[in-house]
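Chemist: Have a look; sequence and predicted model below, questions after that.
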Amino acid sequence: MPPRPIRGPIRGHVDSCFFDGRALVLVGWLLEESADLVELAVEAGGTRIDLAGRHFRHPRPDVALSLAREGEAAAADLSGLVCLAALPATAFPPAGPTVLLVATADGRSLRIGIEPAADRTALDEMAFADAFAGLPADTVLSVLEQLGIDGPPDALPPPLRARLRMHWRRAVQDLPTCLEDDATPSRMYVDFAMAGPQRGLLAYGWRLLNGCDVRSVHFHRVDDIARDLIAHWTLIERPDVVESLRAQGVFFESDELGFMFHIPWEAQPADAACYLRVGFADGRVRRMKLDMRPYPTDPIAAIRHVLGAFWPTQRNMRAMLDRHVGPVVEAIWNTRTRPAGTVREFGFGTPPARPVASMVVPIHTRFDFIEFQIAQFANDPDMARHELIYVIDDPAIYEAVRPFCIEIGRFYGVPFRVLYQGVSRGFAGATNLGAAAAKGEYVLLLNSDVFPRHPGWLGALVDAHRALPAAGAVAPKLLFEDGSIQHAGIRFAPLDMWGGLWVNDHPLKGQPDPALHGAGPQGPVPMSALTGACLLAEAATFRRLGGLSEDYIIGDFEDTDLCLKMREAGLTNYYIPGVSLYHLERQSQALQGSPHWRTALTAYNCWRHDRRWGTRIAQEAAAEMAG
Amino acid sequence: MRILVIAHGHPDLSTGGGEIAAYRQAQELRRQGHATLFLARAPTGASRAGTPFSVRAGQPDDVLFHSPAFDRFLNSQRTKWALHEEFRSLLESFRPDAVHLHHYMHLGLEFIREARKYSATLPIVMTLHEYMAICDHDGQMVKTDGRLCEASSPLDCHLCFPDKAPQEFFLREQFHKSYFALVDRFVCPSRFLLERYAAWGIERAKLLCIENGQHLPPAAPAPDTDEAAAAASLCRRFGFFGQISRLKGIDLLFDAIGMLDPATAGTPGFRIHGSLQWQTDAFRAAFADRLATLGGRVAFGGPYRAQDVGALMREVGWVVVPSIWWENSPLVIQEAFAHGRPVIVADIGGMAEKVQERVNGLHFRARSAAHLARVLAEAADPALWSACRRRIEPPPSIEAATGTHLALYAQIAAEREPLPATAARPARKGGRAVRA
């Protein structure tokens, strides 16, 4: 065994020191390894500030060079010393000298007198920055984590925090955007992380941690407390990842590889510098940065993005809606810029001065439906008593619609009005726009793909409404083009697949009309809810109840929402089987795109509807069962 | 009376049964002294700027309509201006007492509504020549896979044309019906066609079965000098007349001829007279090939003028109408009867209705070349031929048919005559307020 070399005196130096009573920053060098120290502290006028857990070491090439000149090999390759301490209120200025105390386990010690400066400009910023310069991002961040920069705001004095933030950002920029570690083996990817005021931070990704003993996953953000994601995130199936891993022949323990989390957020993502920190049982720590983007400014594009990560078939679909997707989509929708354009109107013919009913028909994409409807209305003398309002809800078609309507208006001789606000407001918004301009005693919500079967249908609906006590909304029987039932009233039913959310069920849909066999109701039937595809209500009542709710996106559930508002106001809704029209269903809707997007949006609207009306629906359903 | 006759083509420019029937009617009305405007779709969109109309040179009462923007799925004129401005001014200038449409194809259903807008009391009559409103497959009611079709539905039609959703066919039907509601009476040249439209939803009260009128020879055809000798020769001579197309069964006829054994059936002679005007080059080439294959057994006479059809028919004994679609009332059958020739037809639709088996002709199982061959062999029998020939009834003359039409206009006008202002007028289904 070779003899242990006899150690000389401890060598070290303090380059600069900042101390203002609340924080201490000391930059210098020391040729002892931290592991050999039994003491590292500053004494300031009798107050002892322990730096044992508040310092870190880094290479100092300048020190190594001068040692080499002296013919000495550097004892340690990490000779640099940076100490940072946040302090409880300490007497300042100190009542006596300030000294750095160093002592080793083998009994050697060193005292270095220092003259701390309270002026932060006196701090050797260059030396401070150099201290971080050669360090891996992981080391810088672990130091800053220890310093509490991601702790509560009062953990560090603001000037110091401002300096450290810069190093934080620089270090986060250097982090990888995913975690790929063959040794563990572990992987973590984030598909998207979007943040913005009011909407919060929403992140969606997946991780593969086969057999790794992961102790913690934290979200770190400057100036904020680190968040324990294991408590915050929702785990979800990722069939797309599963498919890809299978193709690569990678083993995985569970198909719940995905995760999503949502964190309150008010800043712009440009200020972000966020990362995820994964702690393993063996003490290893891995970090990956979150590439943050702002939400798309177009609310529908933003919602489409968010719902891209949401499958209503997921096991945790309710948790996803309740905790992450639902609140974010709701915030995006609620904070959208409301249409401010002036309403443009043109019209043809002379509508009745005091129409009995005003038909309000939103038009999206398929404006040829206008002619199909008017070709039928032209054959119905009863139409002369009513008013027809088309609301163009699709800027893409407006230029073509105008000349088309001029032709249709002149040719068919059916008076009608056309409104346009320069934007798409969805079925509810477009209907509300038309209803606001309606002059009728009644307002008829009408889809553009609903077509009459017999003349006089609208007058018959009005007569039915007049004859019924405390009637809220009334709606006719609607048939598909093959003559099967499309609408015979709406019933609410809990959908197990969607975690028990109440959905709108159309009884008898697609089945033969019972009237063909002399069955089914003849007269009006009280119903909790009716379709908005063809729904008549008193205009005053409709307006008093605020029209159709525009909380639902693009178009869904606003009809049952209206019916439930009617119920809340003490009115009864009636299904009128004696009047029937055709409804092609979903041919008129603005909702386009992939089936996934449509289903996801329906699930969101359903969730929104359930949150507002779940209790009332349960009561209505119970009463229906009892009755 | 002042009559406006509307057709989808002018027989000078396109020869089809419907165009010919329409023009004959207009000519007959003129002959009987009625002011008659014949309005036909021009086979070209080119026209003068600012008007869709021109006049057929030398025939100032034949107006051509240069269809500006026709939607052939909806049978709709998308440029409504051509109706509510241009057609309207024509109506106001001509002031018809009745409008008789022979089609809306290429023209637009909108002609019906503009005529109704012009006058709530104007009789509007439409002759139906095939099943265009019911079927988008050229109105033939033959499925795109070749099977015969019994009835349309949005789903069935979608299966024929998968690119179009069932809902689009529903809209097409509704759109056609919204216009048909404005027509007073539909003239159906065959019972078969009448039943198809009744099943489709047209009120029976509006459907009348009236056969197209024919120009009959001045006198009954003179008996052949030696009846027996003529029968022996004529019963072996078969003629095909009219449009030469797949649907008219030309391939079926060739197949059947190929199956005949010349040794047992003697040497029957076949003549084909007609036009390949609308056929593709590939079809013409195939037709020429088959003619060549059959050698001297089939003679091709090419297109013929309407006035020559009698002479050509008298050169054969039997007229063959082997169509593979239902037909309505084929002009060729009426012409054959007018010229005293029995007809061999497929046993479906309007053909089976117009020709009675072993009375004035023979039936073969539709679409079966083998059966047609058997019937052709059987037909080469002088006794059978003479018997069928003797029982031919002459078809309605153009004079008689036109008289029926005129009476119909008068009857509708009487129905539509407004009641005195004091009397309450019941709302007529599909009616409209009188336009000032």
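Modeler: Sure thing, it's come through.
Chemist: in the stretch 151-300 of chain A, which segments are predicted with low confidence?
Modeler: By pLDDT under 70, the low-scoring segments of the stretch 151-300 of chain A are A:151-160, A:184, A:267-271.
Chemist: quick one: the residue in it positioned nearest to chain B from A:Ile554, how far?
Modeler: Nearest to chain B, among the residues of the stretch 151-300 of chain A, is A:Ile300, at 25.0 Å (C-beta to the nearest C-beta). C-beta coordinates here come from the backbone N, C-alpha and C atoms, glycine included. Between A:Ile300 and A:Ile554 the distance is 7 Å, computed by C-beta to C-beta, to the nearest Å.
Chemist: Please list the outside residues in contact with the longest helix seen in chain B.
Modeler: The longest helix of chain B (DSSP state H) is helix B:398-416. Applying C-beta atoms under 8 Å, 6 or more residues apart in numbering or on different chains, the external contacts of helix B:398-416 come out as B:1, B:3, B:24-25, B:28-29, B:32, B:34, B:97-98, B:100, B:120-123, B:125, B:184-185, B:187, B:208, B:210-216.
Chemist: 7 Å - rerun?
Modeler: Residues outside helix B:398-416 that contact it (C-beta atoms under 7 Å, 6 or more residues apart in numbering or on different chains): B:1, B:24-25, B:28-29, B:32, B:97-98, B:100, B:121, B:123, B:125, B:184-185, B:210-215.
Chemist: those strands in the stretch 251-400 of chain B, which residues are they?
Modeler: Secondary structure of the stretch 251-400 of chain B (DSSP state E, counting those that start in this stretch): strands at B:269-273, B:298-302, B:318-321, B:343-346, B:361-364.
Chemist: What residues sit buried inside the longest helix of chain B?
Modeler: Of the residues in helix B:398-416, B:398, B:400-402, B:405-406, B:408-409, B:412-413, B:416 count as buried by neighbour count, 16 or more other C-beta atoms under 10 Å in any protein chain shown.
Chemist: mind putting the residues you listed in a markdown table, distance to A:Tyr420 and pLDDT included?
Modeler: Output for these, formatted as a markdown table (distance: C-beta to C-beta, whole Å; pLDDT from 0 to 100):
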| residue | distance to A:Tyr420 | pLDDT |
| --- | --- | --- |
| B:Ile398 | 56 | 95 |
| B:Ala400 | 58 | 95 |
| B:Ala401 | 53 | 96 |
| B:Thr402 | 53 | 96 |
| B:His405 | 49 | 97 |
| B:Leu406 | 51 | 97 |
| B:Leu408 | 48 | 98 |
| B:Tyr409 | 46 | 97 |
| B:Ile412 | 43 | 97 |
| B:Ala413 | 45 | 95 |
| B:Arg416 | 41 | 89 |
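Chemist: Can you select the buried ones from the contacts of helix B:398-416 in PyMOL?
Modeler: Buried residues within the contacts of helix B:398-416, by 16+ other C-beta under 10 Å, are selected in PyMOL with:
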select buried, chain B and resi 1+24+25+28+29+97+98+100+123+125+184+185+210+211+212+213+214+215
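Chemist: Among the contacts of helix B:398-416, which are located in helices?
Modeler: Using DSSP H, those in helices are B:24-25, B:28-29.
Chemist: Now for the residue in the stretch 201-350 of chain B positioned nearest to chain A: which residues touch it?
Modeler: Here the stretch 201-350 of chain B gets closest to chain A at one residue, B:Gly201, 11.2 Å apart by C-beta to the nearest C-beta. The neighbours of B:Gly201, taking C-beta under 7 Å, 6+ apart as the test, are B:Lys177.
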